[in-house]
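J.: structure for the following, please:
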Amino acid sequence: MIRRIFFLVFIGSLLTPLVLHAKTDVSGSYQHGGGDHITIKIKVSDPPPMAFIVLQHLPKGVKLLSADPRPSGSGKGASSVKWLFKHARPGKHKLKMQLSKPVDPKQLRGEIRFRHPQSGAMITRKIR
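T.: Numbers count the residues shown, from 1 in each chain. Below is the predicted model of the structure:
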């Protein structure tokens with residue numbers, strides 16, 4: 001009886017870290033300071049995905065003047081800008097943008113994409 005209890009406790013202690021850390025996620029939210037400056041707060045869970053993409057759609061007639069960090073891709077007159085974050089680290093990160101003109105927060109539309117490490121499924125999260 002004691003061996004059986006010990007065995008169950010031992011197995012439970014081995015599985016608990018796997019269950020607690022199985023949730024890989026990346027989420028984002030807009031911090032609109034008003035005007036033409038936009039910040040996206042990004043939260044990366046532990047364990048993080050190997051990489052994730054942030055895709056920001058720009059309203060018609062609005063251009064990206066600068067960003068920190070610099071975007072990975074966009075074209076001349078592009079209506080969207082993307083960033084690729086490789087070897088993501090867990091925690092909170094910020095992406096700052098300066099746009100060519102002020103934008104209403106309701107016009108902001110973006111998403112974060114990543115591949116789940118265990119299932120391999122592509123996951124897309126809207127930036128809120």
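J.: pLDDT below threshold where in the chain?
T.: Applying pLDDT under 70 to the chain flags residues 1-22, 33-34, 75-77.
J.: what sits against the residue most central in space within it?
T.: By C-alpha atoms, centre = their mean, the chain has its centre lying nearest to V26, at 3.8 Å. Taking C-beta atoms under 8 Å, 6 or more residues apart in numbering, we find V26 in contact with 42-45, 48-49, 52, 88, 112, 114, 125. For the C-beta atoms, the positions are set from N, CA and C on the backbone; glycine is no exception.
J.: and what of I123?
T.: Contact analysis of I123 by C-beta under 8 Å, 6+ apart lists 25, 113-116.
J.: between these, which has the most around it?
T.: Ranked by the number of neighbours (other C-beta atoms under 10 Å), those place F114 first, at 23 neighbours.
J.: after the strand or helix carrying that residue, which helix or strand is next?
T.: For F114, the enclosing helix or strand under DSSP states H and E is strand 109-115. Using DSSP H and E, the helix or strand that follows strand 109-115 in sequence is strand 122-126.
J.: starting from that following strand, tell me which strands it pairs with and how they run.
T.: In the sheet, strand 122-126 lines up against strand 109-115 (antiparallel) (DSSP bridges).
J.: now do the strand it pairs with: distance to the chain's middle.
T.: The chain centre lies 6 Å from the centre of strand 109-115; the measure is C-alpha atoms, centre = their mean, to the nearest Å.
J.: cool, thanks, signing off.
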